[in-house]
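Student: Show me the folded form of this:
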Amino acid sequence: MMQILIIEDEPRAARQLKNLLTKNSLPHTVLDVIDTVEDAVLWFKQNTVPDLVFMDIQLADGLSFEIFEKIEVTAPIIFTTAFDQYAIQAFKVNSIDYLLKPIQQKDLDFAIQKFSKSKMVTNAPEPSLIKELLSSIQTPKKRSGILVKEGSGFIQIRVSEILYAYSESSITFGVTATNRYIIEETMDHFFDSLDASNFFRINRGQIISKFAIQKVEPYFNHRVKLVVTNPRDQEFVVSRQKTSAFKNWLNA
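Tutor: The predicted structure is shown next:
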């Protein structure tokens, strides 16, 4: 029975991965689902090495590569990511597999088949490889414009005009100082296209521009609440897991 650990901060993505694994014929058990770098480091320190790890790149409190900077991970890893293929070519050098989201059953089956045939005892990436990949992913994207719906058509607005974005009933909205627009992209896809130095995903349903924040106030359960420009009917509370990373982002 293969022992599998999932490191993924999106509950829906974790559930989907579990379902895909269930449909695969390989006998397995999922030991745990971890959603932060901090908890992953603690888990590896307190538990025996799993047979295989599925690891998302972007976690609630940072990038998963930070795990390798804190501890030695000897388990074979299949990375899951929404990033374009160019950003993860380095994995091929070290024979580490990866799956692009949304994960397809055939891709997962192929990855597990490849892993099973390899019979590799350890497949942890080398520190130099991690630094190279971490650098490539952290390079700010420079998307300058975006098409949004207006009436029966579309117009282009500057990304710099967007104060914040939020998801409601599976629809992504972008709010400027004067208007609210429908963005025909998922929150994941939209956030991945933004300059990480100017935008931060404060929780699963909201993305905030650094320039929209007027004030940061303490909130219960070790969270913070934001006062922003043109809040409309939205309340902006940074999730507990992301509060530390959010403060670091503001100070950058």
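Student: Strands of the stretch 51-200 of the chain, residue ranges please.
Tutor: In the stretch 51-200 of the chain, the strands defined using DSSP state E, counting those that start in this stretch lie at 52-56, 58-59, 62-63, 77-81, 97-100, 145-150, 153-158, 164-168, 171-175, 180-183, 199-203.
Student: Kindly reformat those as CSV containing mean neighbour count and distance to M2.
Tutor: No exception for glycine: its C-beta is placed from N, CA and C like everyone else's. Formatted as CSV, the strands of the stretch 51-200 of the chain follow (neighbours: other CB atoms under 10 Å; distance: least, CB to CB, whole Å):
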stretch, mean neighbour count, distance to M2
strand 52-56, 24, 6
strand 58-59, 22, 23
strand 62-63, 16, 26
strand 77-81, 23, 12
strand 97-100, 18, 15
strand 145-150, 16, 43
strand 153-158, 12, 48
strand 164-168, 19, 35
strand 171-175, 19, 37
strand 180-183, 17, 40
strand 199-203, 22, 33
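Student: Let me have the ones you listed in a markdown table, adding distance to F211 and mean pLDDT as columns.
Tutor: Shown next, in a markdown table, are the strands of the stretch 51-200 of the chain (distance: least, CB to CB, whole Å; pLDDT from 0 to 100):
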| stretch | distance to F211 | mean pLDDT |
| --- | --- | --- |
| strand 52-56 | 28 | 91 |
| strand 58-59 | 22 | 81 |
| strand 62-63 | 23 | 78 |
| strand 77-81 | 28 | 86 |
| strand 97-100 | 32 | 81 |
| strand 145-150 | 16 | 91 |
| strand 153-158 | 12 | 92 |
| strand 164-168 | 10 | 96 |
| strand 171-175 | 13 | 96 |
| strand 180-183 | 17 | 95 |
| strand 199-203 | 10 | 94 |
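Student: can I get those strands in JSON lines with distance to K117?
Tutor: As requested, these are arranged in JSON lines below (distance: least, CB to CB, whole Å):
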{"stretch": "strand 52-56", "distance to K117": "13"}
{"stretch": "strand 58-59", "distance to K117": "29"}
{"stretch": "strand 62-63", "distance to K117": "29"}
{"stretch": "strand 77-81", "distance to K117": "14"}
{"stretch": "strand 97-100", "distance to K117": "11"}
{"stretch": "strand 145-150", "distance to K117": "43"}
{"stretch": "strand 153-158", "distance to K117": "48"}
{"stretch": "strand 164-168", "distance to K117": "40"}
{"stretch": "strand 171-175", "distance to K117": "40"}
{"stretch": "strand 180-183", "distance to K117": "42"}
{"stretch": "strand 199-203", "distance to K117": "37"}
